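Undergrad: no sequence on this one, just coordinates:
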């Protein structure tokens, strides 16, 4: 689903204008992003939880030349789906 389709679906389900749905989605994305940047966990009951963490630096291999290369540390994201969401999908 694309962002535009999600906005259309939100507007339809909530009975609001497409512009209002777009503002709501942008506010949600901004809130999630800012919270994860702070290193805090986000938990939406019925959907799941997001956690930001730092991946350690490691040594990898170039698949073309098989030479070792250093992969730097970086921030990453984990998502764990809630049991309710998993049961809805099955």
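TA: That came through, no problem. What you see is a predicted model, and the numbers here were worked out from it, not measured in a lab.
Undergrad: show me the contacts for residue 59.
TA: The neighbourhood of residue 59, defined by C-beta atoms under 8 Å, 6 or more residues apart in numbering, consists of 68, 69, 70, 71. Using the backbone N, CA and C atoms, a C-beta is placed for each residue, glycine as well.
Undergrad: Turn the residues you listed into JSON lines, including secondary structure.
TA: Converted to JSON lines, the contacts of residue 59 look like this (DSSP: H, G, I helix; E, B strand; the rest coil):
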{"residue": "68", "secondary structure": "strand"}
{"residue": "69", "secondary structure": "strand"}
{"residue": "70", "secondary structure": "strand"}
{"residue": "71", "secondary structure": "strand"}
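Undergrad: Out of those residues, the closest to residue 22 would be?
TA: Out of these, the one with the shortest distance to residue 22 is residue 71. That distance is 37.4 Å, counting by C-beta to C-beta.
Undergrad: who's in contact with the closest one?
TA: If a contact means C-beta under 8 Å, 6+ apart, then residue 71 has 57, 58, 59, 60 as its contacts.
Undergrad: 6 Å instead, please
TA: 58, 60 (C-beta atoms under 6 Å, 6 or more residues apart in numbering).
Undergrad: Moving C-terminal from the longest helix seen in the chain, which element do we reach first?
TA: Under DSSP state H, the helix in the chain containing the largest number of residues is helix 18-37. Scanning forward in sequence from helix 18-37, with DSSP states H and E defining helices and strands, the next element found is strand 42-44.
Undergrad: for that following strand, packing partners?
TA: Helices and strands touching strand 42-44, by 3 or more C-beta pairs under 6 Å, 6 or more residues apart in numbering; DSSP states H and E: there are none.
Undergrad: Quick check: buried residues in the next helix or strand after it?
TA: Scanning the chain past strand 42-44 towards its C-terminal end, the next helix or strand to appear is strand 48-55 (assignment: DSSP H and E). Under the neighbour-count criterion of 16 or more other C-beta atoms under 10 Å, strand 48-55 has 48, 50, 52 buried.
Undergrad: Which strands and helices lie in contact with strand 48-55?
TA: In this structure, strand 48-55 makes packing contacts with strand 74-81, judged by 3+ C-beta pairs under 6 Å, 6+ apart.
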